[in-house]
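Peer 1: I'd like to go over a predicted model; first the sequence, then the structure.
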Amino acid sequence: MRLGILGSGSGSNMQALLDAIAAGSLDAEIALVLSDNPDAYILERAAKAGLPTGVIDCRGFKTKFPDEAQAETAAALKSAGVELVCLAGFMRLVKAPLLEAFPDRILNIHPALLPAYPGLQAWKQAIDDGATESGCTVHYVDGGMDTGPVILQAKVPVFPDDTAESLHQRIQVEEHRLYPEAIRKVAAELGI
């Protein structure tokens, strides 16, 4: 199964997928890694692993993902033979051009138990809200913000002395375990 990764940050979830592939627990290969941030560590991490990389040209927009950029991204992923697109800390909303190119084949991992705490810094939202439990969710991507159907979730307790940072670190441990598992589940359902 050929995976395409879209990320905006450090790429720790991409690394977890690479580790699962190397360990033989995920039968896949990463065909292409793209980022909307030319300085994102995910690109350096991917290059060190010998993976093809590219930068998404978002036309100077800080948060918007223009249709032209989405169409170019879809074309690059298709050209690389990608069968499943995995968002790994990708900070832009995916819309029609990309969703139509990969219907029901775009996944995201989010650091909360959706539908609770969608959007940015979900771990901080949980702390600020006084939540006693948080976690992470792998879900299908639709046109909304973290609104697609849930594939798998993992719970993480919120301790009284937790900071946003300490909670985020514990959630990431679960993310790195859960994402490969969710990809295996989706691949089995799709027969890829």
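Peer 2: Everything's here; your move.
Peer 1: Quick one: the strands in this protein, in order.
Peer 2: 2-7, 29-35, 53-55, 84-87, 106-110, 133-140, 150-157 (DSSP state E).
Peer 1: For the shortest one, enumerate the helices and strands it packs against.
Peer 2: In terms of contacts (3 or more Cβ pairs under 8 Å, 6 or more residues apart in numbering; DSSP states H and E), strand 53-55 is packed against strand 29-35, helix 41-48. All C-beta spots, glycine's among them, are computed from the backbone N, C-alpha and C.
Peer 1: That one pairs with which strands?
Peer 2: strand 29-35 (parallel) (DSSP bridges).
Peer 1: tell me the angle of the partner strand relative to helix 41-48?
Peer 2: Counting by axes from the mean of the first three to the mean of the last three Cα atoms, to 10 degrees, strand 29-35 lies at 140 degrees to helix 41-48.
Peer 1: re earlier: for the helices and strands packed on strand 53-55, which one sits closest to Ile192?
Peer 2: strand 29-35 (12.1 Å; Cβ to Cβ).
Peer 1: just how off-centre is that closest one within its chain?
Peer 2: 12 Å (Cα atoms, centre = their mean, to the nearest Å).
Peer 1: Which positions within that strand qualify as buried?
Peer 2: By neighbour count on 16 or more other Cβ atoms under 10 Å, the buried set for strand 29-35 is 30-35.
Peer 1: Distance check, Arg59 against Ala88.
Peer 2: Noted for Arg59: a distance of 23 Å to Ala88, by Cβ to Cβ, to the nearest Å.
Peer 1: and if you look at Ala31?
Peer 2: According to Cβ to Cβ, Ala31 and Ala88 sit 14 Å apart.
Peer 1: Over to His168?
Peer 2: Distance from His168 to Ala88, counting by Cβ to Cβ: 15 Å.
Peer 1: Check Ala47 too.
Peer 2: 16 Å.
Peer 1: Just want to know which of these two has more residues nearby.
Peer 2: Ala88 (26 against 12; other Cβ atoms under 10 Å).
Peer 1: got a list of what the closest residue to the more buried one other than its chain neighbours touches?
Peer 2: Leaving aside its chain neighbours, Ala88 sits nearest to Asn13 (3.9 Å; criterion: Cβ to Cβ, 6 or more residues apart in numbering). Residues in contact with Asn13 (Cβ atoms under 8 Å, 6 or more residues apart in numbering) are 7, 86, 88-89, 109, 175-176, 179.
Peer 1: wouldn't Leu190 be in contact with Arg105 here?
Peer 2: Yes - with contacts counted by Cβ atoms under 8 Å, Leu190 reaches Arg105, the gap being 7.3 Å.
Peer 1: tell me, what's touching those two both at once?
Peer 2: With Cβ under 8 Å, 6+ apart as the test, Leu190 and Arg105 both reach 83-84.
Peer 1: and those two? which has more neighbours close in?
Peer 2: Each of Leu190 and Arg105 has its neighbours counted (other Cβ under 10 Å); Arg105 has more, 19 against 12.
Peer 1: give me phi/psi at the more buried one?
Peer 2: Here is the backbone geometry of Arg105 (degrees, to the nearest 10): phi -130, psi 20.
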